[in-house]
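# need a 3D model of the sequence below.
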Amino acid sequence: MGKQTGIIKFTGKLGPLIGYYSGGEYLVRSVPERVRQSPSTRLAAQHFGKASALACTMRTALRPLLHIPPDNNIVNALNKKMHTILRADDLHRHKRFIPRHFQQLRGFTFTPRGSLMRSLPCDPVVSRHFDGSIHVHIPAMKAPGSHPSGTHVLVQAIALWTNGTSSSAASSEPMLLEASQPSEAFTLKIEAGGEGVCCVILEAIACQTFNGKPLLMRHQRHIACEVIAVLPPQRTRETFTAVYPEGDEALRKVGIVEYIPPKRE
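Alright, predicted model coming up:
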């Protein structure tokens, strides 16, 4: 391993050399003459490649809908999480994505330095209706959390569907809340979209008005984006049994086929 000292530095393979960036420095090493792999290491590499490929489709589907800045650390974190979900399959030698294991994605954050509870101090409630639409109910709040100089908070819900090989996503209409005023309860609706497991993501970003228009602030502590619920593939209306919390008559209304209570610490 050596350091790159030239004016032009590179990453990746270049002839017999491999350049890479680590610890704030550009380093270089030689390409190994021979790589020995056992059947088990070869299979493990295939599993990681399969998990990374699905994570890539998920990021690609989300990219045009998210307002958060790109972060390379999230790429690695999502790849690792999907690899863990794939390895949870203990029935097949060639691992498969099992829908129930996607529950491990609940609580996954795309903004490690920002907290959803800080930006949106409430317990969202997620429900899915017979038509496939997803509703995220945001209860009333005294005041949304925001940056000290922020005037508003942008709130948006996103549904990410994945069937183990491909992914698609759709978002609700964004809601702009005044940071210094109490907020009434409201619901974000996402129209029915793809098929497969559905990850419901809630995004809350501090904004500042400029010439009467809200501009997104890039302060990392006040940008939050987190998976708040994971819904299994939707079954047909004839075979689905509605599930409701006991005693909660307010949610026993026609149309709701699935209910996820708010996450309480």
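# count the residues that sit near residue 206.
Per other C-beta atoms under 10 Å, the neighbour tally for residue 206 reads 28. All C-beta atoms are positioned from the backbone trio N, CA, C, and that covers glycine.
# what bridges to it?
Beta bridges link residue 206 to residue 153, judged by DSSP bridges.
# shouldn't it be in contact with residue 221?
No: in this structure residue 206 lies outside contact range of residue 221 using C-beta atoms under 8 Å: 9.0 Å.
# and the strands in the stretch 1-150 of the chain?
Listed in chain order, the strands of the stretch 1-150 of the chain (DSSP state E, counting those that start in this stretch) span residues 2-3, 12-14, 17-22, 25-30, 125-129, 134-138.
# take the ones you listed and write them to TSV, including mean pLDDT and mean neighbour count.
Shown next, in TSV, are the strands of the stretch 1-150 of the chain (pLDDT from 0 to 100; neighbours: other C-beta atoms under 10 Å):
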stretch	mean pLDDT	mean neighbour count
strand 2-3	83	9
strand 12-14	83	10
strand 17-22	84	14
strand 25-30	86	14
strand 125-129	92	22
strand 134-138	94	22
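# closest to residue 71 out of those?
Among the strands of the stretch 1-150 of the chain, the nearest to residue 71 by C-beta to C-beta is strand 17-22 (15.9 Å).
# could you dump the closest one to CSV, C-alpha only?
Extracted C-alpha coordinates of strand 17-22, given in CSV (Å, rounded to 0.1, in the frame of the first residue of the first chain):
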residue,chain,number,x,y,z
LEU,A,17,-2.7,-0.8,-9.9
ILE,A,18,-5.8,-0.1,-7.9
GLY,A,19,-6.4,3.4,-6.5
TYR,A,20,-8.7,4.1,-3.6
TYR,A,21,-9.6,6.8,-1.1
SER,A,22,-9.3,6.1,2.6
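# what's the angle between the helix or strand harbouring residue 160 and strand 125-129?
Assigned by DSSP states H and E, residue 160 belongs to strand 152-162. Calculated by axes from the mean of the first three to the mean of the last three C-alpha atoms, to 10 degrees, strand 152-162 forms an angle of 50 degrees with strand 125-129.
# now tell me which helix or strand of this structure has the poorest mean pLDDT.
strand 256-260 (a mean of 59; mean pLDDT, DSSP states H and E).
# all helices of the chain, in order?
For the chain, applying DSSP state H gives helices covering 39-62, 72-87, 116-119.
# looking at the ones you listed, spot the one closest to residue 154.
Proximity to residue 154, assessed across the helices of the chain by C-beta to C-beta, is greatest for helix 116-119 (9.7 Å).
# show me which residues of that closest one are buried.
116, 119 (16 or more other C-beta atoms under 10 Å).
# which strands or helices does it pack on?
strand 197-210, strand 223-231 (3 or more C-beta pairs under 8 Å, 6 or more residues apart in numbering; DSSP states H and E).
# any idea how far residue 208 is from the residue nearest to residue 144 when sequence neighbours are not counted?
Nearest residue to residue 144, sequence neighbours excluded (C-beta to C-beta, 6 or more residues apart in numbering): residue 153, at 4.2 Å. In this view, residue 153 and residue 208 are 11 Å apart by C-beta to C-beta, to the nearest Å.
# more neighbours: which of the two?
The neighbour count for residue 153 versus residue 208, taken as other C-beta under 10 Å, is higher for residue 153 (27 against 17).
# distance of that one from residue 88?
In this structure, residue 153 and residue 88 are 36 Å apart, going by C-beta to C-beta.
# picking up where we left off before, mind telling me which of the helices and strands packed on helix 116-119 the model trusts least?
Of all the helices and strands packed on helix 116-119, the minimum mean pLDDT falls on strand 197-210 (a mean of 90).
# thinking again about what came up before, helices or strands up against the strand holding residue 160?
Using 3+ C-beta pairs under 8 Å, 6+ apart as the contact test, the elements touching strand 152-162 are helix 39-62, strand 134-138, strand 167-171, strand 175-178, strand 186-190, strand 197-210, strand 213-216.
# tell me how far that strand lies from the chain's centre.
Its chain's average C-alpha position is 9 Å from that of strand 152-162, according to C-alpha atoms, centre = their mean, to the nearest Å.
# do the same with stretch 13-27
For stretch 13-27, the distance to the chain centre is 31 Å (C-alpha atoms, centre = their mean).
# thank you kindly, that will do.
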